[in-house]
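[1] build me a structure from this.
(2 chains)
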Amino acid sequence: MPSLTLVQSINLALQQEMERDERVVILGEDVGLNGGVFRVTEGLQKRFGPERVVDTPLAESGIMGTAIGLAMAGMRPIPEIQFEGFLGPAYDQLVNHAARYRTRTRGAVTIPLTVRVPVGGGIHAPELHSDSPEAIYAHHPGLKVVMPATPYDAKGLLLSAIRDPDPVVFFEPKRVYRSFREEVPEDDYTIPIGEAKVVNEGTDVTVVTWGATVFECLAAMDKLPEDVSVELIDLRSIYPFDLDAVVNSVQKTGRCVVVHEAPKTAGFGAEIAASIQEHGFLHLKAPVQRVAGFDTVMPYYKLELDYLPDAKRVGEAVQQVLAY
Amino acid sequence: MPIKTVYSAKIEHLQLLDENGVLDERLAVVGGKPVLTDEEVVHLYEFMIQCRTLDETAFKLQRSGRMGTYPQNKGQEAAAIGSGFAAKKGQDFLVPCYRENAALFMHGLPMHYILLHWMGDERGNQIPEGVCMTPLSIPIGTQMLHATGIAWAFKIRKEPRVAITYFGDGATSEGDFHEAMNFAGTFQAPVVFFCQNNHWAISVPRETQTASETIAQKAIAYGMPTVQVDGNDLFAVVKATRDAIERARAGGGPSFIEAVTYRLADHTTADDARRYRESAELEMWVGRDPLIRLRKYLEKKDLWNEKLQAAAEEKARAMTAEVIKAAEGIEKPAVDDIFNYTFAQPLPAEIEKQRQTLRTSSLGQDPQQAGLQGEAQHA
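    Predicted structure coming up:
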């Protein structure tokens, strides 16, 4: 079983799905000859040709809009938007068309596309290359939103996304693109969209997170006193999210800290916290806490580590809910 | 060193049938055959009468509270019907905005679908199997990219099919207009961009929309053949569209057609064009009405007369009554339909719960949530 980085695992999934399903096409800026700015599509154009791995003109709405047309005509397009900050121009197409088509045609027209988008901060990137807009897309009915944190999950979730009959926003936490390797089976396997993963079982406090902050939470756990037992949940899918996994855990622990890079207010943590009080009210021993990005514009990279939730802030919140 | 001209271009204007109904027989031929046979012209004229009758009746339906906001198509029938006629039914793909009903009807859409759409019923967008079109598109210009994508898929699969997309002069200011044409040019996608230049985007006139002398010239920048046609001239529209479609089918890539026409009605039933445009302009264009022009042509050729006109109008009225009956006769959609098509089945658990309970508040739904009172009762 090969040991792969997140980038390599996504590349493998794309390659295998293109082999398996000739309807799959990749389109985006620099995805062909150059293999994408993060090299996620490296080698794919050489292997599958410029008709299936397509360097498009530099226009995000154009990429998303033509991907919708391809999907309408029976293809399985995988558009790439180079950074989450450039989803803006594609927003209209994604939200006002891709997300609504099944409903507005009562099932006559469906849009099976998977848009891949590198997401999040922590790589010293320029402005608009470090944001976390997952809650925006989770709020739009008709879109599924996922954010795997590990190479194994990335392959399984990407295969689910491509095969899903509806549009999926596939966020790739760029901070952990190459930070570690993991064994990824060559075989075909899928991870259902909407299924969380318990990274670590515990009894005192539930920590819910997704994307690169999974690793900040793990680092926080290393620094906590040994008798503190944390149940760490990697949500993996933002919409739909695994309500049962979260609620079952909080019913056991009675305490919850939600961690995400996106700003706190109206972040997806708010949805988690609301769901916990709705379904686990009497089990709660402390208010649900959110350790999130600040309600500010993401700073340039000199201050990005001061902005992003880190092990220290997570650890403090965990200690506080335990002491409540 | 002399300054060189590195590019120059011209835009041709095609008119075959003038305002007096006189056809340029010499130009109105394709491959030695007339653009339209007499039978075809009669058939298309009758179809125009039907579309006009339905359109005017739709206006009345809105006014009498039987239908929501409706955008009239009146005045643009030659452009819609001519281009729709040039496309191959069941093969070529129409990607409209919302003022080309006649093209969609021509291409096989049952007429009551359009009424259903404006009666607030998504089933009007549920295009029947085998009818090759997308439903009406409400945002401006966005559908042009879908057409490019659809055409691109045809090209990838080597299918001899073409997409034709419709939009107005207002859409030419949108970014997606340019992106769609740029992508189509780059990928040589078999798509025809059909601009219904009806001179008004709600209250903003064509001159305010762009400093460009013609709309057609915008396509030059994207490397595709382009032409301006008299959009109220059925013959010119059929010829230009057929040329563009056949070129695309033969692997010649995208084309652009600017059909110069006029919106004879308000933008929609919620609009009052008297607020912003001169009645003299409207009257001038009433004189260029595509139906009047075609009737003159047919009468000159002895293919039409008062009696046939009366019969055609009577037939159109009867047909319209049937269409309205079909649209109004359909039962109200099930409330479940709000939920059922958000995603493929099975629905996400939260939506399924909302569907079953028609509530988003959750108390009382979930035994785990019974609370102290509930627990006391259970005990």
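
[2] for the stretch 101-250 of chain B, which residues are neighbours of chain A?
    Proximity of the stretch 101-250 of chain B to chain A is confined to B:122-123, B:125-127, B:134-135, B:139, B:142, B:144-154, B:156, B:163, B:175-176, B:179-180, B:182-183, B:186-187 under the rule C-beta under 8 Å from any C-beta of the partner chain. Heads up, the C-betas are built off the backbone N, CA and C, glycines and all.

[3] buried subset of the residues you listed?
    Buried members of those, scored by 16 or more other C-beta atoms under 10 Å in any protein chain shown, are B:122-123, B:125-127, B:134-135, B:142, B:144-154, B:156, B:163, B:175-176, B:179-180, B:182-183, B:186-187.

[4] find the closest residue to chain A in the stretch 51-200 of chain B.
    Per C-beta to the nearest C-beta, B:Gly149 is where the stretch 51-200 of chain B lies closest to chain A, at 1.9 Å.

[5] doesn't that residue belong to a helix?
    Yes. Counting by DSSP: H, G, I helix; E, B strand; the rest coil, B:Gly149 is located in a helix.

[6] against B:Leu347, how distant is the residue of the stretch 101-250 of chain A found nearest chain B?
    Nearest residue of the stretch 101-250 of chain A to chain B, counting by C-beta to the nearest C-beta: A:Pro240, 3.6 Å away. Separation of A:Pro240 from B:Leu347 (C-beta to C-beta, to the nearest Å): 9 Å.

[7] what about the residues of the stretch 101-250 of chain B next to chain A, which are in strands?
    B:Ala163 (DSSP state E).

[8] how about B:Phe187: what's its closest non-neighbour residue?
    Leaving aside its chain neighbours, B:Phe187 sits nearest to B:Trp152 (5.5 Å; criterion: C-beta to C-beta, 6 or more residues apart in numbering or on different chains).

[9] same deal with A:Leu58?
    Spatial nearest neighbour of A:Leu58, excluding adjacent residues (C-beta to C-beta, 6+ apart): A:Glu29 at 5.5 Å.

[10] related to what we said a few turns ago, just the pLDDT at the nearest residue in space to the residue of the stretch 101-250 of chain A closest to chain B that is not next to it in sequence, thanks.
    Closest residue to A:Pro240 apart from its sequence neighbours, by C-beta to C-beta, 6+ apart: B:Pro348 at 3.6 Å. Listed pLDDT for B:Pro348 reads 97.

[11] and B:Pro348, how many neighbours does it have?
    19 (other C-beta atoms under 10 Å in any protein chain shown).

[12] same question for the one 3 residues further on.
    Around B:Ile351 sit 17 other residues, with neighbours defined as other C-beta under 10 Å.

[13] in three-state terms, label it for me.
    Following three-state DSSP, B:Ile351 is assigned to helix.

[14] again with A:Gln277
    Of the three states, A:Gln277 takes helix according to three-state DSSP.

[15] setting aside sequence neighbours, what's the nearest residue to B:Ala9?
    B:Ile220 (5.0 Å).

[16] for the residue nearest to the spatial centre of chain B, list the residues it contacts.
    Centre of chain B computed as the mean C-alpha position; nearest residue by C-alpha atoms, centre = their mean is B:Glu100, 2.8 Å away. For B:Glu100, the contact set (C-beta atoms under 8 Å, 6 or more residues apart in numbering or on different chains) comprises B:73, B:76, B:79-80, B:84, B:94, B:166, B:196.

[17] just the helices in the stretch 201-324 of chain A please.
    With helices called from DSSP state H, counting those that start in this stretch, the stretch 201-324 of chain A shows them at A:213-223, A:243-253, A:268-280, A:304-307, A:311-323.

[18] so what touches the shortest one?
    With C-beta under 8 Å, 6+ apart as the test, helix A:304-307 has contacts from A:121-122, A:124, A:130, A:293-294, A:296, A:298-299.

[19] pull the distance from it to the chain's centre.
    Centroid separation for helix A:304-307 versus its chain: 20 Å, with C-alpha atoms, centre = their mean, to the nearest Å.

[20] list the buried residues in it.
    Here helix A:304-307 shows A:304, A:307 as buried, counting by 16+ other C-beta under 10 Å.

[21] longest helix in the chain, by residue count?
    Defaulting to chain A. helix A:6-20 (DSSP state H).

[22] actually it's chain B I care about, not the one you picked
    Chain B, longest helix under DSSP H: helix B:38-63.

[23] on that earlier part again, among the contacts of B:Glu100, which are located in strands?
    Counted as lying in strands by DSSP E, out of the contacts of B:Glu100, are B:94, B:166, B:196.

[24] my guess is the last one meets B:Gln76, correct?
    Yes. With contact defined as C-beta atoms under 8 Å, B:Gln196 and B:Gln76 form a contacting pair (5.7 Å).

[25] what about the nearest residue to B:Lys239 once chain neighbours are set aside, neighbour count?
    Leaving aside its sequence neighbours, B:Lys239 sits nearest to B:Val35 (C-beta to C-beta, 6+ apart; 4.9 Å). For B:Val35, the neighbour count with other C-beta under 10 Å is 23.

[26] and for B:Arg249?
    A count of nearby residues for B:Arg249, using other C-beta under 10 Å, gives 17.

[27] same question for the one 10 residues further on.
    Using other C-beta under 10 Å, B:Ala259 is surrounded by 30 other residues.

[28] wait, is it part of a helix?
    No. Assigned with three-state DSSP, B:Ala259 falls outside any helix and is strand.

[29] just grab the bridge partners of it for me.
    Beta-bridge pairing for B:Ala259 (DSSP bridges): B:Gln196, B:Val229.

[30] show residues contacting the longest helix of chain A.
    With contact meaning C-beta under 8 Å, 6+ apart, helix A:6-20 is reached by A:2, A:4, A:24, A:26, A:38-44, A:47-48, A:52, A:78, A:116, A:148, A:150-152, A:154-155, A:158-159, A:162-163, A:172-173, A:176-179, A:182, A:184, A:186, A:188.

[31] again with stretch A:211-230
    A:119-120, A:122, A:132, A:134, A:147, A:149-150, A:171, A:173-176, A:179, A:199-200, A:202-207, A:209, A:232, A:234, A:259-261, A:308-312, A:314-315, A:318-319, A:322.

[32] try it again at 7 Å.
    A:119-120, A:122, A:147, A:149, A:171, A:173, A:175-176, A:199-200, A:202-205, A:207, A:209, A:232, A:234, A:259-261, A:309-311, A:314-315, A:318, A:322 (C-beta atoms under 7 Å, 6 or more residues apart in numbering or on different chains).
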